[in-house]
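Colleague: here is a sequence with its predicted model. Questions after.
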Amino acid sequence: MAVASFHPQRSLTLLPHHRTLERASSSSGALMGSKQVYSCAILCSFLLFSVVTCRDGAATEPGCTQSATLDVDVSWCFRREIPKTLFGLFFEEINHAGAGGIWEELVSNRGFEAGGPYTPSNIDPWNIIGDESSIYVTTEAASCFTRNIVALRMEVLCDNCRTGGVGIYNPGFWGMNIEEGKTYNLVMYVRSLESVELTASLTCSRLSHALQNLASASIQHNDVSDWTRVELQLVAHETCRTSRLDLTTSKRGVIWFDQVSLMPSDTYRGHGFRKEFMHMLLDLKPRFLRFPGGCFVEGDQLRNAFRWKETIGPWEERPGHYGDFWKYWTDDGLGYFEFLQLAEDLGAAPIWVFNAGISHSEGVDTTSIAPFVKDVLDSLEFARGTAESTWGSVRAKMGHPEPFPLKYVAVGNEDCYKEFYEGNYLKFYKAIRKAYPDIQIISNCDGSSQPFHHPADMYDVHIYSNASYLFQMKSMFDRTSRKGPKAFVSEYAVTEPKDCGNGSLLASLAEAAFLIGVEKNRGLCVMLLCRDIVQMACYAPLFVNNNQPGWKWIPDAIVFNSWQQYGTPSYWMQTFFRESSGAEFHPVKITSKYSDSLAASAITWRDTDNSFLRVKIVNFGPDAVNLTIRAHQLRAAVDARGSRVTVLTSSDVMHENSFRNPRNVVPVTRGLPNAGKEMQALLAPYSFTSFDLALEEYKSFAEM
């Protein structure tokens, strides 16, 4: 994520980075006129109707209906292929996106390491069952794992303990979602000088009710003088969204615990990922996955940066670390291997963002960067090396003997203007290029508006702004130089609180217009040859846990808690572009006095059985638009029966989605009975519309 908002063509603007982006009230001023959207326009947005003519000069008067013509040139000579990698995802461990999010470990601070390797350590959110007269809990450097030495020591002081026993419990990440009929796998390590009699339970505390048991199993071991791994399954007989894990006993004595893990047995492909989240991501058809950050890669201090070697191997042996920039602990169950696995499960190309020897407050001098360079080369061998190689063998032992197709790396995150970045970058660049000539190397230095001074395959662009500015940036890459490396827009979003709230329709429309410009980005064409400059683009951030107290980044694409999730309008906006990567782009021309409020593009794409001409158009103004679409040189008939139109809009431009109303602002798809090479439709005010014209006969440019 960005520390600052960098706007090409203008100066650096600091964002309110260390405070919550609070929701703007619905009375916040809308851009370009009134926010009011008339319900009749929404209901009739797919139909022809009598045009109401606005008075001259009344283009911004609310309630007017404007006219526009959109000409699409579908001739063979002007079409071009969009990069196959254009649209994808950026995952950062922010807002508990991983720990307590897509990574379905239910226990928070499972190794009691959240305070670091020192004792006594911070065991939050673990707590005791009983009182201080019956149980005493502390931490000791007593673990059998050398990389995470802290273990919990529980001393039971009572002979006649309370009913149900005493012990410890973990509420997970603001409550565990336990569902009736599902199986949960519990793994933990225990040690005691005496025999152990424990009960592991999933319990639920409901309002006005006593603690309720959802599942339980007994644990009895006569000899656990050495650390012993205990595994069992808990099958829930009821559902509770705010459950917890209890470990209790009624026997006096001392028991040590370490690495207590609880995961559902039905994670996505058994890889540990939350199914609901995976389905939402798969629906976007991402072509790449950038990970693991963001500022998470750097850390505020280098000692808290993401260290890939500490996140691989058996999960029990991972030390975890404190993400000091986003201010929470992660046990790194979601580590480098799991990120590569996540990309593979999504069918997306992995983009590994590694630390360049620079944090937010420190930097390693280029003369001392060699160990960091060696570490990155090791990470590439882990991903791409054979099962017999030093680090490839570690990957193979983790269950993935075949190499991962890692072909993109980013050197640092937002570090371009820091003291040692360019020197460090060149060291990484030369070493990677020599060892892996095919890997595409991404620089932090934005070359979209200034000369580029070092070798790179791509440069990184981050754009966070208000809605009006992002809408205007739809033509940004038309003006960008085609010399040198290509652009990777790895973070973009509307983040001005009065425009975005918790994720508004207004923000999504500005972002849609910007992506239309990214999709187009043809620049000046010479002898009919047009060179794309943007190779990849992704929204940021992806997830936010709604329960997270204190500072968090808002807005986001997907909002969740322990058992619910919904897409913001910015998530749904991205579904309009999921067929764009690798599709054929066609030039368009808008003719209208209202054109400053419109953004449009056209592509030809194929699904399994059919071909479509898709025309997308954003109406970023308060007036309805009577639109005429004309497709020129289309060498196929339009099948109206298979055609459809999809619209994202609402009755208020600041409308959002929520747990109470998760589909308040979502795309609505209907048939398009009047579809043809020339057709008319009504665009609702403040709307994003996609027309998919089914083509009866179609031959792609690649087949000609």
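Modeller: Noted; the coordinates are in hand.
Colleague: list the contacts for residue 466?
Modeller: When contacts are counted by CB atoms under 8 Å, 6 or more residues apart in numbering, residue 466 touches 494, 496, 498, 499. For glycine as for every other residue, the C-beta is placed from the backbone atoms N, C-alpha and C.
Colleague: try 6 Å this time
Modeller: Counting by CB atoms under 6 Å, 6 or more residues apart in numbering, residue 466 touches 496, 499.
Colleague: give me phi/psi at it?
Modeller: phi -80, psi 170 (degrees, to the nearest 10).
Colleague: residue 260 too?
Modeller: Per degrees, to the nearest 10, the backbone of residue 260 is at phi -90, psi 120.
Colleague: could you do the one 5 residues further on as well?
Modeller: In terms of degrees, to the nearest 10, the main-chain angles of residue 265 are phi -80, psi -10.
Colleague: grab the nearest non-local neighbour of residue 678.
Modeller: Leaving aside its chain neighbours, residue 678 sits nearest to residue 630 (4.9 Å; criterion: CB to CB, 6 or more residues apart in numbering).
Colleague: closest to the centroid, which residue in the chain?
Modeller: residue 542 (2.6 Å; CA atoms, centre = their mean).
Colleague: OK, contacts around the closest residue to residue 83 other than its chain neighbours?
Modeller: Closest residue to residue 83 apart from its sequence neighbours, by CB to CB, 6+ apart: residue 535 at 5.3 Å. Shown in contact with residue 535 (CB under 6 Å, 6+ apart): 83, 458, 486, 488.
Colleague: residue 551 and residue 98, how far apart?
Modeller: Using CB to CB, to the nearest Å, one gets 17 Å for the distance from residue 551 to residue 98.
Colleague: who has more neighbours out of those two?
Modeller: residue 98 (27 against 14; other CB atoms under 10 Å).
Colleague: surely the more buried one meets residue 334?
Modeller: Yes - under the criterion of CB atoms under 6 Å, residue 98 makes contact with residue 334 at 4.2 Å.
Colleague: from residue 88, how far off is the residue nearest to the centre of the chain?
Modeller: Applying CB to CB to residue 542 and residue 88 gives a distance of 11 Å.
Colleague: same deal with residue 253?
Modeller: According to CB to CB, residue 253 stands 54 Å off from residue 88.
Colleague: swap in residue 440?
Modeller: In this view, residue 440 and residue 88 are 14 Å apart by CB to CB.
Colleague: the two: which has the busier surroundings?
Modeller: A count of neighbours by other CB under 10 Å puts residue 88 above the other of residue 440 and residue 88, at 24 against 21.
Colleague: show the pLDDT at the more buried one.
Modeller: The model reports residue 88 with a pLDDT of 98.
Colleague: then residue 556?
Modeller: On the pLDDT scale, residue 556 gets 98.
Colleague: tell me who's in contact with residue 514.
Modeller: Neighbour list for residue 514: 470, 473, 474 [criterion: CB under 6 Å, 6+ apart].
Colleague: can these go into TSV with extra columns for pLDDT?
Modeller: TSV is the format used below for these (pLDDT from 0 to 100):
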residue	pLDDT
470	98
473	95
474	95
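Colleague: quick one: contacts of stretch 653-662?
Modeller: For stretch 653-662, contacts defined as CB under 6 Å, 6+ apart pick out 26, 30, 35, 501-506, 564, 566, 568, 664-665, 686.
Colleague: mind listing the strands for the stretch 601-704 of the chain?
Modeller: Assigned by DSSP state E, counting those that start in this stretch, the strands in the stretch 601-704 of the chain fall at 611-619, 624-632, 638-648, 668-671, 678-683, 687-695.
Colleague: so how far is the longest one from its chain's centroid?
Modeller: Just to be clear, that refers to strand 638-648. 30 Å (CA atoms, centre = their mean, to the nearest Å).
Colleague: likewise for the fourth one?
Modeller: Centroid displacement of strand 668-671 relative to its chain, using CA atoms, centre = their mean, is 27 Å.
Colleague: likewise the last one?
Modeller: The chain centroid and the centroid of strand 687-695 are separated by 26 Å, computed with CA atoms, centre = their mean.
Colleague: which residues touch stretch 604-611?
Modeller: Counting by CB under 6 Å, 6+ apart, 579, 583, 584, 612, 613, 694, 695, 698 sit against stretch 604-611.
Colleague: any idea which of these has the most stuff around it?
Modeller: Going by other CB under 10 Å, residue 613 tops these with 26 neighbours.
Colleague: can you tell me the closest non-neighbouring residue to residue 577?
Modeller: Nearest one to residue 577, counting by CB to CB, 6+ apart, is residue 87 at 5.1 Å.
Colleague: contacting residues for the one you found?
Modeller: Counted by CB under 6 Å, 6+ apart, residue 87 has contacts 537, 577, 581.
Colleague: quick one: secondary structure of the last one?
Modeller: The reference is to residue 581. Look at residue 581: counting by DSSP: H, G, I helix; E, B strand; the rest coil, its state is coil.
Colleague: pretty sure it contacts residue 284?
Modeller: No - between residue 581 and residue 284 there is no contact under CB under 6 Å: 10.6 Å.
Colleague: just give me the neighbour total for residue 330.
Modeller: Neighbour count of residue 330, defined by other CB under 10 Å: 27.
Colleague: quick check: it touching residue 101?
Modeller: No - using CB under 6 Å, residue 330 is not in contact with residue 101; the gap is 10.6 Å.
Colleague: how about residue 341, what does it touch?
Modeller: Contacts of residue 341 by CB under 6 Å, 6+ apart are residue 271.
Colleague: same deal with residue 158?
Modeller: By CB under 6 Å, 6+ apart, the contact set of residue 158 is residue 134.
Colleague: which SS class is it?
Modeller: Residue 158 - assigned by three-state DSSP - is coil.
Colleague: gap between it and residue 322?
Modeller: Taken as CB to CB, the span from residue 158 to residue 322 is 35 Å.
Colleague: now do residue 628
Modeller: 59 Å.
Colleague: who has more neighbours, those two?
Modeller: residue 322 (20 against 15).
Colleague: and that one, that's in a strand?
Modeller: Yes - remark: residue 322 belongs to a strand, assigned using three-state DSSP.
Colleague: who's residue 235 bridged to?
Modeller: residue 183 (DSSP bridges).
Colleague: domain-wise, how is this structure divided?
Modeller: The chain breaks down by the TED database into domains covering 66-86+581-695, 127-264, 342-568.
Colleague: what about residue 194, neighbour count?
Modeller: Residue neighbour count, defined by other CB under 10 Å, stands at 14 for residue 194.
Colleague: I'd say it and residue 253 touch.
Modeller: Yes - Residue 194 is within contact range of residue 253, at 5.0 Å (criterion: CB under 6 Å).
Colleague: which residues does residue 544 contact?
Modeller: 95, 552, 556, 559.
Colleague: of the residues you listed, closest to residue 383?
Modeller: Taking CB to CB as the measure, residue 95 is the one of those closest to residue 383, at 26.3 Å.
Colleague: which ones are touching the closest one?
Modeller: 543, 544, 545, 552, 553.
Colleague: sort out for me which of those are in strands.
Modeller: Among the contacts of residue 95, DSSP state E puts 543, 544, 545 in strands.
Colleague: now those residues as JSON lines including distance to residue 426 and pLDDT?
Modeller: Compiled in JSON lines, these are given as follows (distance: CB to CB, whole Å; pLDDT from 0 to 100):
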{"residue": "543", "distance to residue 426": "34", "pLDDT": "98"}
{"residue": "544", "distance to residue 426": "37", "pLDDT": "97"}
{"residue": "545", "distance to residue 426": "39", "pLDDT": "97"}
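Colleague: including pLDDT and distance to residue 347, could the contacts of stretch 604-611 go into JSON lines?
Modeller: Formatted as JSON lines, these follow (pLDDT from 0 to 100; distance: CB to CB, whole Å):
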{"residue": "579", "pLDDT": "97", "distance to residue 347": "14"}
{"residue": "583", "pLDDT": "95", "distance to residue 347": "17"}
{"residue": "584", "pLDDT": "94", "distance to residue 347": "21"}
{"residue": "612", "pLDDT": "97", "distance to residue 347": "21"}
{"residue": "613", "pLDDT": "97", "distance to residue 347": "25"}
{"residue": "694", "pLDDT": "97", "distance to residue 347": "25"}
{"residue": "695", "pLDDT": "96", "distance to residue 347": "26"}
{"residue": "698", "pLDDT": "55", "distance to residue 347": "25"}
